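> below: sequence and its predicted model.
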Amino acid sequence: MGAVLGSALRSAGHPVVAVSAISRESRDRAEAMLPGVPVLDVPEVVRRAELVLLAVPDDVLGGLVQGLADVGAWQGGQIVVHTSGRYGVDVLAPARAAGVIPLALHPAMTFTGTSLDLSRLEGCSFAVTGPAPVLPIGQALVVEVGGEPVVVDEEARGLYHAALAHGANHLVVLVAQAAQALAAAGVVDPGRMLAPLLEAALDGALRAEQPSSPDASEQTDRGAGAIGALTGPVRRGDSGTVREHLEALTAFAGASGAADVVEGYRALARSAAGRALAAGLVSSAAATGVLDALAPGTAPGTGAAGHDGPGREGPGTDDAAGRLHQKEEQRDDADAPYDPDGQEDDA
């Protein structure tokens, strides 16, 4: 990520005076993305730079900042930017003590480390965190590389990063599970079969999350949000199909060892039922039927086994099940979301 952002900043008119790269892969990236820029050790890069960009793994960042403070590398007035999604600017406290201007700029994007990534920056949202007086500096840097700055408070960085990881990383797992099951069903090219379906589903969900007002700050009612784009057996309240899905996936798991597919299906379908109920997309009876079909211990081809609630397991589902009759009454009354190559990536 560091070489890509450095290249983008260079294109925007910021001279790149030096880069740190230790591994062969990092050196190759620096040579390809920042030709002619000297590769130096980290303290020397910091000594030369007015703006220091730290693109290292989350678990390394704090130690690196402290280590540079211990050797007196930080200089008052320097702009120090890190790209970790997990942290705000508190992690830069040792550098702030030396008088630097701290900023956290995290692009909500995956990177390959090649020039192809430059086009991905265009329109990419960046989480910007920093002291209020210097936020405009961070926002301007994001705009210069073609991104869209979004201010995220220090205390919200953990939730922000968890949301992105859950959405992007676990989407990859979901695709892997679906593709494996399709291959076992005899589909020669699972990716080709999944692509148009998943693209349409993702597009619909993201469109449903867009604010109705051009000014997102004026948005007062999100409506159903992404769950409004839900289709399929849970949305239809088709508990028989859900039960048969579990039968088929259980047999597949027994043959392949992919037990995570069954539990993944069960967990996501429970969540879908709970959210669809809360959004008023399904009736309480339909949601109860689906949750019963999903209840752990339900025998294949039968109704729910003995348990003290309709498919209740895990956060969110308890609340959804507990609101079943309340939602129905309400309807009656109304008539009706570092680079893995090594810590040395870039500084």
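Nice, I can see it. Numbers count the residues shown, from 1 in each chain.

> make it CA atoms for all contacts and neighbour counts henceforth
Will do.

> name the helix or strand for the residue nearest to residue 151 when sequence neighbours are not counted, please.
Spatial nearest neighbour of residue 151, chain neighbours left out: residue 128 (4.7 Å); criterion: Cα to Cα, 6 or more residues apart in numbering. Element membership for residue 128, per DSSP states H and E: strand 125-129.

> and the next helix-or-strand element following that strand, what does it pack against?
Per DSSP H and E, the first helix or strand lying C-terminal to strand 125-129 is helix 135-144. When contacts are defined as 3 or more Cα pairs under 8 Å, 6 or more residues apart in numbering; DSSP states H and E, helix 135-144 packs onto strand 101-107, strand 125-129, strand 148-151.

> what are the pairing partners of the last one, and which direction each?
If I follow you right, that is strand 148-151. Partners of strand 148-151 in the sheet, by DSSP bridges, are strand 125-129 (parallel).

> ok, now the first one?
Within its sheet, and counting by DSSP bridges, strand 101-107 is paired with strand 79-82 (parallel), strand 125-129 (antiparallel).

> ranking those strands by mean neighbour count, which comes first?
By mean neighbour count, with neighbours taken as mean count of other Cα atoms under 10 Å, strand 125-129 ranks first of the strands paired with strand 101-107 at a mean of 26.

> coming back round to it: format the strands paired with strand 101-107 as a markdown table; extra columns: mean pLDDT and distance to residue 283.
As requested, the strands paired with strand 101-107 are arranged in a markdown table below (pLDDT from 0 to 100; distance: least, Cα to Cα, whole Å):
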| stretch | mean pLDDT | distance to residue 283 |
| --- | --- | --- |
| strand 79-82 | 98 | 48 |
| strand 125-129 | 98 | 37 |
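
> export those to a markdown table and tack on distance to residue 155?
As requested, those are exported to a markdown table (distance: least, Cα to Cα, whole Å):
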| stretch | distance to residue 155 |
| --- | --- |
| strand 79-82 | 16 |
| strand 125-129 | 10 |
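
> of all the ones you listed, which one is nearest residue 189?
strand 125-129 (32.9 Å; Cα to Cα).

> got the contact list for the closest one?
Outside strand 125-129, the residues that touch it by Cα atoms under 8 Å, 6 or more residues apart in numbering are 85, 88-89, 103-108, 135, 138-139, 142, 147-154.

> run the angle between that strand and helix 135-144 for me.
160 degrees (axes from the mean of the first three to the mean of the last three Cα atoms, to 10 degrees).

> tell me the buried residues in stretch 280-297?
280-284, 286-296 (16 or more other Cα atoms under 10 Å).

> correction: the previous question concerned stretch 32-51.
Within stretch 32-51, judged by 16+ other Cα under 10 Å, the buried ones are 32-34, 38-40, 42-43, 45-46, 49-51.

> in helices, which of the residues you listed appear?
32-33, 42-43, 45-46 (DSSP state H).

> where does pLDDT dip in the stretch 201-347 of the chain?
The model of the stretch 201-347 of the chain has pLDDT under 70 over residues 213-222, 298-347.

> how close does the residue positioned nearest the centre of the chain sit to residue 54?
The chain has residue 164 as the residue nearest its centroid, 1.5 Å off, counting by Cα atoms, centre = their mean. Separation of residue 164 from residue 54 (Cα to Cα, to the nearest Å) stands at 20 Å.

> same thing with residue 231?
43 Å.

> next: residue 296.
Distance from residue 296 to residue 54, by Cα to Cα: 46 Å.

> likewise for residue 80?
In terms of Cα to Cα, residue 80 sits 8 Å off from residue 54.

> apart from its chain neighbours, what residue comes closest to residue 246?
residue 262 (6.7 Å).

> check contacts around that neighbour.
Contacts of residue 262 by Cα under 8 Å, 6+ apart are 246, 249-250, 253.

> count of neighbours near the nearest residue to residue 16 once chain neighbours are set aside?
Ranked by Cα to Cα, 6+ apart and with sequence neighbours excluded, the top spatial neighbour of residue 16 is residue 10, at 6.2 Å. When counting by other Cα atoms under 10 Å, one arrives at 16 neighbours for residue 10.
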